[in-house]
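**Q** build me a structure from this.
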Amino acid sequence: MTVHAAEPTPPEHPVRRGRGERGAAVVAALVLLFAFTAGGVIWLSRDVNRVVTNRSAAQSIAFQSARAGAQQVAVGSLRGDASSEVVIDEPRALEAVGAAAERFFDSYGVTGSWSTTINGDTVTVTVTIEDPVGDQTASGSVQAQTGP
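**A** Next up is the predicted model:
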């Protein structure tokens, strides 16, 4: 009796290398695209938030410093005629503006500069907050008035 060896049957589908890798490059590219997009959005929102915060801080510092300066009224102008104009004591007003601005810069944790203009009974302070994204400038004016 003769024994014949069975011939191997060919597989139904030919085996190909990397068959399970179909679309992996597309998926990897999409994951990277979304990761970089999300990183960009987070970076942009952080910078925009800092700009808005610094603008608000500059406005607040300018107004509050001008208010501190406008409170430095020459006492003699208040004791005179009630209809007379209020006179600001300029040296004291400049000192008060500087002290207030320094305090507020420290409390907000920012750095910057300010300038003061005194015109009659009005104190105007211009504040610039320095930031690598962009400097923010704001002005505040306060007019000294007598109370009722």
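**Q** okay, CA-based contacts and neighbour counts for the rest of this
**A** Noted.
**Q** in the chain, mark out all the strands, start to finish.
**A** Secondary structure of the chain (DSSP state E): strands at 111-119, 122-130, 136-143.
**Q** looking at those strands, which is buried most?
**A** strand 122-130 (a mean of 22; mean count of other Cα atoms under 10 Å).
**Q** packing partners of that one?
**A** Applying 3 or more Cα pairs under 8 Å, 6 or more residues apart in numbering; DSSP states H and E, we find strand 122-130 packed against helix 24-70, strand 111-119, strand 136-143.
**Q** count of neighbours near A28?
**A** Neighbourhood size, A28 [other Cα atoms under 10 Å]: 10.
**Q** please convert the strands of the chain to JSON lines, extending it with mean pLDDT.
**A** Supplementary listing: those in JSON lines, determined by pLDDT from 0 to 100:
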{"stretch": "strand 111-119", "mean pLDDT": "94"}
{"stretch": "strand 122-130", "mean pLDDT": "95"}
{"stretch": "strand 136-143", "mean pLDDT": "93"}
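**Q** including distance to A66, could those go into CSV?
**A** Formatted as CSV, the entries for those read as follows, by distance: least, Cα to Cα, whole Å:
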stretch, distance to A66
strand 111-119, 8
strand 122-130, 5
strand 136-143, 6
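**Q** which stretch among the helices and strands packed on strand 122-130 approaches R92 most closely?
**A** When those are ranked by proximity to R92, the top entry is helix 24-70, at 7.6 Å, counting by Cα to Cα.
**Q** average pLDDT across that closest one?
**A** Average pLDDT, helix 24-70: 89.
**Q** what is it packed up against?
**A** helix 90-108, strand 122-130, strand 136-143.
**Q** tabulate the ones you listed (JSON lines), appending distance to S60.
**A** Output for the helices and strands packed on helix 24-70, formatted as JSON lines (distance: least, Cα to Cα, whole Å):
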{"stretch": "helix 90-108", "distance to S60": "9"}
{"stretch": "strand 122-130", "distance to S60": "9"}
{"stretch": "strand 136-143", "distance to S60": "8"}
